[in-house]
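Asks: Build me a model:
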Amino acid sequence: MAEPILIAIIIIIALIFDFGNGMNDSANSISTIVATKVMRPKMAAVMAAFFNFIGPFAFGVSVAATIAKGLVVPAAINEFVILAGLVGTIAWVYMATYYGIPISASHALIGGFVGAAFAAGGSSSIIFAGVATVILFIFLSPVLGMIAAYTLSLMLNWILKNSSPARVDRNFRRLQIVSAAAYSLGHGTNDAQKTMGLIAALLFSTGMLGKDFYVPLWVIFISAFAISLGTFIGGWRVVRTLGMRLTRLRPYQGFCAEAAGASMLFATAHFGIPVSTTHTIAGGIMGVGLAKRRHAVRWGIARNILYAWLITIPFSAAVAMAFYYFISLLM
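Replies: The predicted structure is shown next:
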């Protein structure tokens, strides 16, 4: 059995990642509601942090189970694999947050975890069907978010075509508070579970959970708290990129992006699919921009975001592999 002090250190490192996840993903929850001036940034952050926290308690831990058992063969997991995976993840997440790049912290975590497992046990340690599903949703989640938000925007444009802009804005300023809260709830139930899954995998692999895998209540609590704290403090450069630079938004458009994104996050959480909340909301924002006109979306910024998405898993996996080899030399 691993030393308890080492396990405690790895859990702390996992929570540091969780905090960084919340900082980078603060944009997912509040960028639209801040951009439309429905709420002030700090008030929006308080609301998002609250709903981030209760998300995992409301929707169960199916995503956590996928992270713990659906990507890497359980027998290949040990404390050094998880430690190396976290190092690879944190390196990319904090660098991206510093430069205001809205990457997927979820995919960074998956890349780091899978890369470290590959370094430890080769291809036989990887569950390729699970990894393929994650990679598939790198492309599906923004596309589905875009289609849903685009369709909802067109429907509302037709329904509200005879309403005055002032009345539309007034009504949707209230509705956007609801949609932003729903998206924050979906963000909490999806993203906080990834850290829960990694911590639970650590405890199970070191024999601390017994013979049956489960996610302890205290793991759910500390993971939800860490991501909520990160969301509250916020990565404001990322908020600016997603909410203010990708396209200009009105309250009804922010509602469409958030409502479409929240629906997708609830569905994927139910089926235990670890998707990127960043990809989902970015797709939604591009969808409402397209509903206005094609040139309403700043495609140069969108292209840069896409490049960051594509290199997230390889970069975090490479760093994790290098760190695992370094640990191996020390051992």
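Asks: For I5, see how far away V63 is.
Replies: 29 Å (C-beta to C-beta, to the nearest Å). C-beta coordinates here come from the backbone N, C-alpha and C atoms, glycine included.
Asks: How many neighbouring residues does M331 have?
Replies: 6 (other C-beta atoms under 10 Å).
Asks: residues in contact with the residue nearest to it when sequence neighbours are not counted?
Replies: The shortest distance from M331 to any non-neighbouring residue, by C-beta to C-beta, 6 or more residues apart in numbering, is to F80 (7.7 Å). Residues near F80 by C-beta atoms under 8 Å, 6 or more residues apart in numbering: 116, 120, 324, 327-328, 331.
Asks: Looking at those residues, state which has the most neighbours.
Replies: Busiest of the contacts of F80 [other C-beta under 10 Å] is A116, holding 35 neighbours.
Asks: Look at that one and give its secondary structure.
Replies: Classification of A116 using DSSP: H, G, I helix; E, B strand; the rest coil returns helix.
Asks: these two touch, right, it and F323?
Replies: Yes: between A116 and F323 there is a contact under C-beta atoms under 8 Å: 7.5 Å.
Asks: returning to that earlier point: so the residue nearest to M331 is in which element?
Replies: In this assignment (DSSP states H and E), F80 forms part of helix 79-98.
Asks: If you count neighbours, what's buried in that helix?
Replies: Within helix 79-98, the residues that count as buried by 16 or more other C-beta atoms under 10 Å are 79-94, 96-97.
Asks: Pass me the low-pLDDT residue ranges in the stretch 51-200 of the chain, would you?
Replies: 97, 100-102 (pLDDT under 70).
Asks: give me that answer again for 90
Replies: Scanning the stretch 51-200 of the chain for pLDDT under 90 picks out the ranges 51-52, 54-70, 74-76, 78, 87-110, 130-150, 152-195.
Asks: Next, the angle from the top helix by length along the chain to helix 79-98.
Replies: As assigned by DSSP state H, the longest helix anywhere in the chain is helix 165-205. Here the directions of helix 165-205 and helix 79-98 differ by 160 degrees (axes from the mean of the first three to the mean of the last three C-alpha atoms, to 10 degrees).
Asks: sorry, back to before: neighbour count: V63 and I5, which is higher?
Replies: Applying other C-beta under 10 Å to V63 and I5 shows that V63 carries more neighbours, namely 28 against 8.
Asks: ok, the more buried one - contacts?
Replies: Taking C-beta under 8 Å, 6+ apart, one finds 189-190, 193-194, 197, 268-269, 272-274 in contact with V63.
Asks: let's go with 7 Å and repeat that
Replies: Contacts of V63 were listed using C-beta atoms under 7 Å, 6 or more residues apart in numbering, and they are 190, 193-194, 197, 269, 272, 274.
Asks: follow-up on the earlier one: which residues are in contact with both of A116 and F323?
Replies: By C-beta under 7 Å, 6+ apart, the residues touching both A116 and F323 are 84, 88.
Asks: Local confidence estimate at A322?
Replies: You'll see A322 listed with a pLDDT of 92.
Asks: Next, count neighbours for it.
Replies: Other residues lying near A322 total 17 when counted by other C-beta under 10 Å.
Asks: count of neighbours near the nearest residue to V73 once chain neighbours are set aside?
Replies: Using C-beta to C-beta, 6+ apart and skipping residues adjacent in sequence, the residue nearest V73 is S125, 5.2 Å away. Neighbours of S125 under the rule other C-beta under 10 Å: 20.
Asks: now swap in the one 5 residues further on and tell me
Replies: G130 sits with 18 neighbouring residues when counted by other C-beta under 10 Å.
Asks: Make sure it is actually in contact with A68.
Replies: No: if you go by C-beta atoms under 7 Å, G130 and A68 don't touch, sitting 10.9 Å apart.
Asks: Against D18, how distant is S184?
Replies: Counting by C-beta to C-beta, the gap from S184 to D18 is 16 Å.
Asks: Fine by me, we can end here.
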